[in-house]
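[1] The sequence isn't on hand, but the structure is:
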């Protein structure tokens, strides 16, 4: 018997005229109730030591990269093998010693293949399965919290963590870059000069693109989380899938399938630092993430709304 049904059962010894429904019936939910649930989920997620530890690790990556570049260029030598590298990392890291703003782009390129998606996978994988293993899931489903509303709230919380994690990397890199290297007008990958203010705007746009690049991972982790009652198993499975997909994305024999892997266009954010901006791969990346979010979000909803909740 659910807690809502139990609330409507007559108390032992109660007479027929006792206003049971008036006393025990659940109140009509407030229109602002979903926002209260989201606020509660956000506070719970960002107060966990595990979440703070993940954000701490992400903040440390730009510090380590900045110190490494500073040490390597202390004698006036260059780093990264030139600015014409084939990826976002090499293209940006060679410019860090000339302008600290490039550390933002370098740090995002360094964390996006593994650190950022791993952190998202941990939070998303634990979203439903963690509640189940802790025995709190069925209490969250007591009226007025329905399964669809709870699932949507969990996914919104993971998306908020995607944005927070990306901004932590960007802000940390921005601060370290300003402390260790000169800042000012910067040269784009195309060789044109833009102002520092415009560079900051593009850095913010890149951070938003990187955060949006992780919504597919968030949906995948949410779906995995609905398949098991063990938070650890869900987190491990999600991270394992992330690693597997990225390995497959590097195998030349699978080039026909690789454009459909969620990680294939992740580093396309480097095109924001071209003049003019190249939008083709950026649009493909965002469209692919929306597709993954729709497919795995629907699968998570179908699974969660039909599974038996026993804990």
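    Great, that's in hand. All values reported here derive from a predicted model rather than from experimental measurement.

[2] Centre of the chain to stretch 295-303, how far?
    Taking CA atoms, centre = their mean, to the nearest Å, the mean C-alpha location of stretch 295-303 is offset from the chain mean by 18 Å.

[3] Also stretch 165-180?
    Distance, centroid of stretch 165-180 to centroid of chain: 18 Å (CA atoms, centre = their mean).

[4] how about that stretch: buried residues?
    By neighbour count on 16 or more other CB atoms under 10 Å, the buried set for stretch 165-180 is 165-170, 172-177, 180. For glycine as for every other residue, the C-beta is placed from the backbone atoms N, C-alpha and C.

[5] neighbouring contacts of it?
    For stretch 165-180, contacts defined as CB atoms under 8 Å, 6 or more residues apart in numbering pick out 54-55, 58-63, 65-67, 69-70, 96, 99-104, 106-108, 111, 116, 119-120, 183, 203-204, 206-208, 210-211, 214.

[6] Could you point out the longest helix of the chain?
    helix 147-180 (DSSP state H).

[7] List of residues touching the helix or strand that it is followed by?
    Using DSSP states H and E, the helix or strand that follows helix 147-180 towards the C-terminus is strand 186-187. Strand 186-187 is contacted from outside by 95, 98, 99, 101, 102, 193, 194, 196, 199, using CB under 8 Å, 6+ apart.

[8] Then the first one would be within a strand, right?
    No: when classified by DSSP: H, G, I helix; E, B strand; the rest coil, residue 95 is found to be coil rather than part of a strand.

[9] Show the pLDDT at it.
    pLDDT for residue 95: 80.

[10] looking at it, it is touching residue 102, isn't it?
    Yes: distance between residue 95 and residue 102: 4.2 Å, which falls inside the contact criterion (CB atoms under 8 Å).

[11] Out of those two, name the residue with the larger neighbour count.
    Remark: of residue 95 and residue 102, residue 102 carries more neighbours, 27 against 24, as counted by other CB atoms under 10 Å.

[12] I'd say that one and residue 92 touch.
    Yes: distance between residue 102 and residue 92: 5.0 Å, which falls inside the contact criterion (CB under 8 Å).

[13] Tell me where the chain has helices.
    In the chain, the segments counted as helices under DSSP H are 3-8, 20-24, 33-47, 49-72, 88-93, 102-111, 115-134, 137-140, 147-180, 196-212, 215-227, 231-248, 280-304.

[14] quick revisit: give me the buried entries from the contacts of strand 186-187.
    For the contacts of strand 186-187, a neighbour count by 16+ other CB under 10 Å gives the buried set as 95, 98, 99, 101, 102, 199.

[15] which pair in those residues spans the largest distance?
    With CB to CB as the measure, no two of these lie farther apart than 98 and 199, at 12.3 Å.
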